[in-house]
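K.L.:
Here's my sequence, what's the structure:
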Amino acid sequence: MLDKTLLDRFKAIVGEANAITDQSEIAPHLKETRGLYFGASPLLLKPGTVNEVSAIMALASETGTPIVPQSGNTGHVGGQTPREGGADVLLSLARLNRIREVDVAANTMTVDAGCILQTIQEEAERHNRLFPLSLGSQGSCQIGGNLSTNAGGTQVLAYGNMRQLCLGLEVVLPTGEIWNGLRKLKKDNTGYDLRDLFIGAEGTLGVITGAVLKLFPRPRGHQVAFAGLDSAEAALSLFERASAVCGSSLTGFELMARIGVEFTVKHIPGVREPLAETYPWYALIDISTSDSADAAATMMQSLMEEAFEAGLIKDAAIAASTQQARDFWRLRESMSNAQKPEGGSIKHDVSVPVSAIPAFMAKAEEAVMAAIPGARICAFGHLGDGNIHYNISQPIGADKQAFIDCWREINAIVHALVLDFGGSISAEHGIGQLKRDELAEIRSDIEIDLMRRIKKAFDPALIMNPDKVIRTP
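P.N.:
Predicted coordinates:
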């Protein structure tokens, strides 16, 4: 419980209606999406202005009150979840949801951090522009959380992740100071890049309250194909050919194991098999061009013909309409949720060099099946940038909790292989609580020490999202 005097001081900043103490209202904010982490909090604050965020942080710094910023609560590593002790105050960005400006000439949009990703996409479309970040949670995730986790999504291959999609930030520091870095410049070499420190910091260095986002001209031509393949090796060869044929017009290349398609067709209403026959692996190929619809169609047709002649694909369907293209993407984006009805799922968000993906898949399957016979490996992800969601569903008939209790053991097996291949144990979900201790083990002493020094410099009172990314002393 907070001291009543302190509670009243926080309430005075945001108003009685925006300082929530009712635990039934706070409850949805206390657990992360996978149910791995549950916390406690005496207070949920919902500031409506940047100055209110500043006043909250100044008071927290003065009183040593831990603050946990939370956006859409869609993260997968517990970075947005308060600790169990009950001392952490939750800071919701939901009321900071304005589109501040759209600059069509500069191809930028300036937004509040609480803006829903889908709202930003739709606003860009109204101006005949594209904001390319695309996530399965885009109807509820907020751009501040996307920035704080350096989110990637399905179009990193062409446009990059959030670090590449952001030009400037506005941040409230743990001390309450406001840094206004809302610059629209593509070239700005004036000292340390503070923006890149906050992007991907998971709220441990400050509260992102605003951002300048990059927009792009909307493509004039768009084609999506869904192809059946015999192996991950064939998928890699198909990607190499697609890169050669399409160049920068290749905006997405997704890899999916058969079992993931089965789960999705079985459990997600409205999802259907794209092909008449079944195959061990599938690739979803997305092409966008600035030329015309005919140019995109010609490019996709040329790729498909070359791939068939080379024996890389066994069957394929090219989307005949915008709706069919969306249906193909919906199948891919629903794959993670489709695992839930199958019982326990141990998940990995990893990246390895693109050329190593087939070898990694083979070795990881061998190791996982040896550890848990009967495990069902539902691997899928962004082959074009090396990011694989190596998810493992429990054996049929197994006890769910007993399977979930193997999480750390299986993580260790898979992550060891990832590191052997020169990869990363976190590609786009972040570190949070889930991988915090593992990060300390795999990174060098000097890297961890530098992270601690940065944390201490920005957050001298150590109140900012404590025990996330690195342990707070």
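
K.L.:
Any buried residues in stretch 214-227, and which?
P.N.:
Neighbour-count burial for stretch 214-227 flags Lys214, Leu215, Phe216, Pro219, Gly221, His222, Gln223, Val224, Ala225, Phe226, Ala227 (criterion: 16 or more other Cβ atoms under 10 Å). For the C-beta atoms, the positions are set from N, CA and C on the backbone; glycine is no exception.

K.L.:
gap between the two ends of that stretch?
P.N.:
Here the two ends of stretch 214-227 are set 32 Å apart, with distance taken as Cα to Cα, to the nearest Å.

K.L.:
what separates that stretch from the chain centre, distance-wise?
P.N.:
Mean-position distance between stretch 214-227 and its chain equals 21 Å (Cα atoms, centre = their mean, to the nearest Å).

K.L.:
next one: stretch 178-198
P.N.:
With Cα atoms, centre = their mean, you get 22 Å for stretch 178-198.

K.L.:
now the end-to-end length of that stretch.
P.N.:
Stretch 178-198 has an end-to-end distance of 13 Å (criterion: Cα to Cα).

K.L.:
What lies in contact with that stretch?
P.N.:
Outside of stretch 178-198, the residues within contact range by Cβ atoms under 8 Å, 6 or more residues apart in numbering are 50, 54, 103, 106, 108, 110, 147-148, 163, 166-173, 205-206, 208-212, 454, 458.

K.L.:
List the buried residues of that stretch.
P.N.:
With the criterion 16+ other Cβ under 10 Å, stretch 178-198 contains buried residues Ile178, Gly181, Leu182, Leu194, Arg195, Leu197, Phe198.

K.L.:
Among these, which one sits closest to Ala310?
P.N.:
Closest approach to Ala310 among the buried residues of stretch 178-198 (Cβ to Cβ): Arg195, at 43.6 Å.

K.L.:
thinking again about what came up before, name the nearest of the buried residues of stretch 178-198 relative to Met335.
P.N.:
Met335 lies nearest to Phe198 out of the buried residues of stretch 178-198, by Cβ to Cβ, at 30.8 Å.

K.L.:
what's the spacing between that closest one and Lys456?
P.N.:
Using Cβ to Cβ, to the nearest Å, Phe198 is found at 16 Å from Lys456.

K.L.:
circling back to that earlier point, any idea which of the buried residues of stretch 214-227 is closest to Val469?
P.N.:
Lys214 (25.6 Å).

K.L.:
Find me the pLDDT at the closest one, would you?
P.N.:
With respect to pLDDT, Lys214 has a value of 98.

K.L.:
Let me see the contact set for it.
P.N.:
Going by Cβ under 8 Å, 6+ apart, Lys214 touches Asn107, Thr108, Phe131, Gln164, Leu165, Cys166, Leu167.

K.L.:
Can I get these in TSV including pLDDT, distance to Gly35 and secondary structure?
P.N.:
Shown next, in TSV, are the contacts of Lys214 (pLDDT from 0 to 100; distance: Cβ to Cβ, whole Å; DSSP: H, G, I helix; E, B strand; the rest coil):
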residue	pLDDT	distance to Gly35	secondary structure
Asn107	97	40	coil
Thr108	98	38	strand
Phe131	97	31	coil
Gln164	96	32	helix
Leu165	97	30	helix
Cys166	98	31	strand
Leu167	97	36	strand
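
K.L.:
Just the buried ones from those residues?
P.N.:
The neighbour count (16+ other Cβ under 10 Å) marks Asn107, Thr108, Phe131, Leu165, Cys166, Leu167 as buried among the contacts of Lys214.

K.L.:
How about the contacts made by the last one?
P.N.:
Applying Cβ under 8 Å, 6+ apart to Leu167 gives the contacts Thr108, Arg183, Lys184, Leu185, Lys186, Val212, Leu213, Lys214.

K.L.:
Just the ones in strands from these, please.
P.N.:
Counting by DSSP state E, the contacts of Leu167 place Thr108, Val212, Leu213, Lys214 in strands.

K.L.:
My understanding was that the third one contacts Asn107; is that so?
P.N.:
No. Contact criterion Cβ atoms under 8 Å: Leu213 and Asn107 do not qualify, at 9.5 Å.
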